[in-house]
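**Student:** Sequence and predicted model, in that order:
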Amino acid sequence: MSEKKWDVYVYGDVNVDIIIPGVETFPAPGQEELVSSMETYVGGGAALFTLGIGKLGLRPVFQGTVGDDCYGHMIRETFERFGVDTELLVTAKGARTGISLSFTNARDRSFLTYRGTNRDISMDRVEIEKAGRARHVHVTGYEGEISHAAYARLLRRVKEETDATVSFDVGWDPTGNWSSRICELFPWIDVLFMNETEAEHYGKTDTAEEAALQFARECGQAVIKLGGKGSLAVKDGMVYRRSSYRAEAVDTTGAGDSFNAGYIYGFLKEEPVEKCLQYGNACGAFSVSAHGGNTGFPEEKELLRFTEGYENK
């Protein structure tokens, strides 16, 4: 394998999340209510995954677009502070960075989202030559039949034109169709990520484990996030499970992306599946312990100290 400039290449969404906790009711028309805090963080699934990879000491590069505004400048500075190469991050003159307002309370969350520069996301914009300069390519943002053809073109080209490994976080199908055509993508995927509900919908199965066994016959390995129940993975017909770590959930934003980053960290370190699941679960637990999708995410030393200490208890 030729010398690589980056460990991980990521293309996708980046925006700011403005998190407003403790919102029980919205003000009536013409009224104002005070809140205890209102904080701004980097958001977007692809961006949160990339920040996690950077915090864990690997070399990620992010391709995407931000606006020529204060939020775009904040995102670029945050990326650079945590080791993300911004060579491929474009600042679009005259455009505005996406914003998501998150209203949270102890029971649920609600969102108001302005897509901004994320409106222009398309897998056809991925620079294959640049992606091939990384050891690994992470793909996210799939929207079922809406974007299937573009993802098929991308994944085929990555596998045919580069020697990079590929992870794919499927995500929710906004069409509600859960088309079986997604299986066409699996032969080009080394690590397939889904959550429990997504796996059961796409697999048309009663359990996520049944779905994972089915998926892993086509892809390198299928990894299912089970929330408070931990996670499981299937590779070479073997099922691996890890229970979750206890954590007080303050904000679940980005928990799945944090799990992905921890898992891929282990994958690129050539750790066994059980250790990758352990890293993923730990990063997810750290993530939910603080407001913001990446604020609580651990750095490499903290992750290793935590997981090794937990195993030695």
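**Tutor:** Perfect, I can see it now.
**Student:** Can you verify my assumption that residue 68 contacts residue 94?
**Tutor:** Yes: here residue 68 lies in contact with residue 94, judged by C-beta atoms under 8 Å, at a distance of 6.6 Å. Where C-beta positions appear, they are placed from N, C-alpha and C, glycine not excepted.
**Student:** quick one, which of these two is more surrounded?
**Tutor:** With neighbours defined as other C-beta atoms under 10 Å, residue 68 and residue 94 compare such that residue 68 has more, 14 against 7.
**Student:** how far away is the more buried one from residue 92?
**Tutor:** Note on residue 68: its distance to residue 92, by C-beta to C-beta, to the nearest Å, is 7 Å.
**Student:** quick one, what contacts the closest residue to residue 243 other than its chain neighbours?
**Tutor:** Spatially, and ignoring its direct neighbours in sequence, residue 243 is nearest to residue 230 (4.2 Å; C-beta to C-beta, 6 or more residues apart in numbering). Residues near residue 230 by C-beta atoms under 8 Å, 6 or more residues apart in numbering: 241-244, 277, 281.
**Student:** Buried only: go through those residues for me.
**Tutor:** 242, 244, 277, 281 (16 or more other C-beta atoms under 10 Å).
**Student:** And the helices in the stretch 201-313 of the chain?
**Tutor:** 208-215, 255-268, 273-288, 300-311 (DSSP state H, counting those that start in this stretch).
**Student:** Out of those helices, which is the most enclosed?
**Tutor:** Ranked by mean neighbour count, these are led by helix 255-268 with a mean of 26 (mean count of other C-beta atoms under 10 Å).
**Student:** how far is it from where the chain is centred?
**Tutor:** Centroid displacement of helix 255-268 relative to its chain, using C-alpha atoms, centre = their mean, to the nearest Å, is 8 Å.
**Student:** got it, and stretch 78-89?
**Tutor:** Distance of stretch 78-89 from the chain centroid (C-alpha atoms, centre = their mean) equals 16 Å.
**Student:** First-to-last residue distance for that stretch?
**Tutor:** 12 Å (C-alpha to C-alpha, to the nearest Å).
**Student:** Repeat that for stretch 142-156.
**Tutor:** Rule used - C-alpha to C-alpha; the end-to-end distance of stretch 142-156 is 15 Å.
**Student:** Much appreciated, bye for now.
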